[in-house]
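Chemist: structure for the following, please:
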Amino acid sequence: MATSPQDGTTRGMTVRGAAFLGIGSMVGAGIFALLGEAGAVAGSAVWLSFLIAGVVAALQGYAVAKLGARYPSSGGIVTFLLQGYGRGHITAVTSWLLYFAALIVTAMVAVSFGSYGSALFFDDSTGWATILTIVVVLAVAVINIAGARFIDRVQSLIVLVLLAVFAVFIVVTLAQLDPDLLAPSTYPPTTDIFSSVALTFFAYLGFTVISFTGSDLPHPERNLPRAMYLALGVTTALYILISLGVFGTLTVQEVVDNGETALALAAKPALGDAGFAMMALAALLATSSSVNANIYAAAGSTAKLAESEMFPPVFGQRARVGGTRGLLISVALILLLGIFVDLTAIASLGSVVALGIFLVTSVAAHRLRAETGSRAWVLIAGITLTALVLLVFAVQTLRTAPETFTAMIGILALAIGLDAVWSRMRSRRNPVHE
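Modeler: As a prediction, the model looks like this:
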């Protein structure tokens, strides 16, 4: 990461770059895969589901932005946990869960990049899909080794092109929108719409990546909240307009049946085959920018965890090729997950783990509200809504996908186990410090 004097004027990240990092992470993680699943629950009211999820994300964003402004660091949420709970088991277990969630989501997005690239250029070849998955992860690793200023430039370029593609899509679909398809009379019960928030919220998970830019932003006390609110505002508007365009152009059943290609199908009446190519390009850009943002966050968090002795010191050591060994370990684990694990079977796992992490982080923000100058009612609203979404999500998962619920318990047990093992090793290495 870039170093700087106290005033932060030489740091390598801009507000726009930090915001685009968040936008890239959020958009790449959800919108292509989510529309069909959300449509099966919320019908043509998916735009309302995205709006509610955006409100929940904004409340969480407030907590994270206030913490980031007060405790700027490349460690992001890890730093906030340390401030809120100290170097205890809550911080350590939550940090392991944060790391696992980041690895799962990043691997899923990298695999999605490979699938789209294979469909666009190589006739859906499985072999090429795997190769492209490897290529995007390694390319992003090189970008992260190059440093924050280079990440800023690359991410800004990717997101600008991505936003331009989505702008064309929105204009085209809204121009041919059929109001009858979006009539409130076609909406499902309110309980179904709210329960779908557990799905659409997944598309916002990447906003916390912005918290890891604190050490690279000049004047983070002012600029980190700006980047957070800008990213969430743009992303929420984008999701609402895209869902209105898709569900105002296609029937709910068409969206559900076509899943990830629903956006391309919605653009096809006006743009023909060019619509498919355009949205496939958008998918490649969105997924690659999401991989970039998540690996950036993983490198920062593992370095901070190693520094605070929550993780083994190897994660913070400098690597011969540049960057930290934590970055290289993360890249290797992401590649292993992407190549050898059926990620569709644990797709919900990253989301439910992240919701739990946000809940713990929000409680930390409430405990530190006097130091951060946060409004208690906003934090309490965020905690309440997050807990409600998490509860709905867990109940749905237990009912519809018990194997995923079992995996959720398993990953929690793994985090607790790793913390116990490392705590014992650490106490033997440095008993006086312990």
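Chemist: can you give me the pLDDT of the residue nearest in space to the middle of the chain?
Modeler: The centre of the chain sits closest to Gly206, judged by CA atoms, centre = their mean, with a distance of 2.3 Å. Gly206 is assigned 75 on the pLDDT scale.
Chemist: quick one, phi/psi of the nearest residue to it once chain neighbours are set aside?
Modeler: Closest residue to Gly206 apart from its sequence neighbours, by CB to CB, 6 or more residues apart in numbering: Ser25 at 2.8 Å. Backbone N, C-alpha and C define where each C-beta goes, glycine included. Note on Ser25: its backbone torsions stand at phi -70, psi -40 [degrees, to the nearest 10].
Chemist: quick one: contacts for Ser25?
Modeler: Shown in contact with Ser25 (CB atoms under 8 Å, 6 or more residues apart in numbering): 205-207, 209, 289-290, 293-294, 297.
Chemist: same deal with Val389?
Modeler: Contacts of Val389 (CB under 8 Å, 6+ apart): 56, 197-198, 201, 355.
Chemist: name the element it belongs to?
Modeler: Here Val389, judged by DSSP states H and E, is contained in helix 376-400.
Chemist: kindly report the same for Thr130.
Modeler: Short version, using DSSP H and E: Thr130 is in helix 126-146.
Chemist: going on from that helix, what's the next piece of helix or strand?
Modeler: helix 148-175.
Chemist: dump the helix or strand that comes right after that following helix to PDB, keeping only the CA atoms.
Modeler: Counting by DSSP H and E, the element after helix 148-175 in chain order, helix or strand, is helix 190-195. Extracted in PDB, the C-alpha atoms of helix 190-195 (Å, rounded to 0.1, in the frame of the first residue of the first chain):
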ATOM      1  CA  THR A 190     -45.600  -7.800   0.800                       C
ATOM      2  CA  THR A 191     -44.100 -10.600   2.900                       C
ATOM      3  CA  ASP A 192     -42.700 -12.200  -0.300                       C
ATOM      4  CA  ILE A 193     -41.200  -8.900  -1.400                       C
ATOM      5  CA  PHE A 194     -39.500  -8.400   1.900                       C
ATOM      6  CA  SER A 195     -38.200 -11.900   2.100                       C
END
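Chemist: list the helices and strands helix 190-195 packs on?
Modeler: Here helix 190-195 touches helix 15-42, helix 46-70, helix 376-400, going by 3 or more CB pairs under 8 Å, 6 or more residues apart in numbering; DSSP states H and E.
Chemist: out of these, which gets nearest to Leu271?
Modeler: helix 15-42 (17.2 Å; CB to CB).
Chemist: how far off centre is the closest one?
Modeler: Taking CA atoms, centre = their mean, to the nearest Å, one finds helix 15-42 lying 8 Å from the centre of the chain it belongs to.
Chemist: and stretch 290-304, by the same measure?
Modeler: On CA atoms, centre = their mean, the centre of stretch 290-304 falls 11 Å from that of its chain.
Chemist: what do you get for stretch 163-175?
Modeler: 23 Å.
Chemist: in that stretch, what counts as buried?
Modeler: 163, 165-166, 168-170, 172-173 (16 or more other CB atoms under 10 Å).
Chemist: and those residues, which is closest to Leu390?
Modeler: Phe166 (29.2 Å).
Chemist: do I have it right that that closest one meets Leu238?
Modeler: Yes - taking CB atoms under 8 Å as the definition, Phe166 is a contact partner of Leu238 at 6.1 Å.
Chemist: contacting residues for the closest residue to Pro312 other than its chain neighbours?
Modeler: Using CB to CB, 6+ apart and skipping the chain neighbours, the partner closest in space to Pro312 is Trp422 (6.3 Å). Going by CB under 8 Å, 6+ apart, Trp422 touches 92, 310-312.
Chemist: of those residues, which belong to helices?
Modeler: Ala92 (DSSP state H).
Chemist: could I get the contacts of Trp422 as a markdown table with distance to Ile77 and neighbour count?
Modeler: Converted to a markdown table, the contacts of Trp422 look like this (distance: CB to CB, whole Å; neighbours: other CB atoms under 10 Å):
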| residue | distance to Ile77 | neighbour count |
| --- | --- | --- |
| Ala92 | 13 | 25 |
| Met310 | 12 | 27 |
| Phe311 | 14 | 26 |
| Pro312 | 19 | 19 |
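Chemist: farthest pair in the contacts of Trp422?
Modeler: For the contacts of Trp422, and using CB to CB, no pair is farther apart than Ala92 and Pro312, which are 11.7 Å apart.
Chemist: does Pro218 count as helix, strand or coil?
Modeler: coil (DSSP: H, G, I helix; E, B strand; the rest coil).
Chemist: shaky segments in this protein?
Modeler: Scanning the chain for pLDDT under 70 picks out 1-12, 28-30, 32-33, 74-75, 146-152, 154-155, 259-261, 319-323, 343-351, 429-434.
Chemist: longest helix in it, by residue count?
Modeler: From DSSP H, the single longest helix across the chain is helix 273-307.
Chemist: can you give me the buried ones in the very next helix or strand once past it?
Modeler: Next in sequence after helix 273-307, counting helices and strands by DSSP H and E, comes helix 325-340. Of all the residues in helix 325-340, those buried under the rule 16+ other CB under 10 Å are 325-331, 333-335, 337-338.
Chemist: give me the contact list for helix 325-340.
Modeler: 99, 102-104, 106-107, 110-111, 114, 130, 133-134, 137-138, 141, 144-145, 295, 298-299, 302-303, 306, 311, 314-319, 321, 343.
Chemist: same thing but 7 Å
Modeler: 103-104, 106-107, 110-111, 130, 133-134, 137, 141, 144, 295, 298-299, 302-303, 306, 314-317, 319, 343 (CB atoms under 7 Å, 6 or more residues apart in numbering).
Chemist: ok, Thr302 touching Pro312?
Modeler: No - contact status for Thr302 versus Pro312: not in contact, 9.7 Å apart, counting by CB atoms under 7 Å.
Chemist: show me what contacts Thr235?
Modeler: Thr235 touches 23, 26-27, 204, counting by CB under 7 Å, 6+ apart.
Chemist: hmm, try it at 10 Å
Modeler: 19, 22-27, 30-31, 50, 54, 57, 203-204, 206-207 (CB atoms under 10 Å, 6 or more residues apart in numbering).
Chemist: closest to Met279 among those residues?
Modeler: Using CB to CB, the contacts of Thr235 come closest to Met279 at Ile31, 10.6 Å.
Chemist: can you give me the neighbour number for the closest one?
Modeler: 26 (other CB atoms under 10 Å).
Chemist: what helix or strand is the nearest residue to Ser73 once chain neighbours are set aside on?
Modeler: Nearest residue to Ser73, sequence neighbours excluded (CB to CB, 6+ apart): Thr79, at 4.1 Å. Thr79 is part of helix 77-85 when elements are defined by DSSP H and E.
Chemist: on contacts alone, who are the packing partners of that helix?
Modeler: Counting by 3 or more CB pairs under 10 Å, 6 or more residues apart in numbering; DSSP states H and E, the packing neighbours recorded for helix 77-85 are helix 46-70, helix 89-121, helix 273-307, helix 347-367, helix 369-372.
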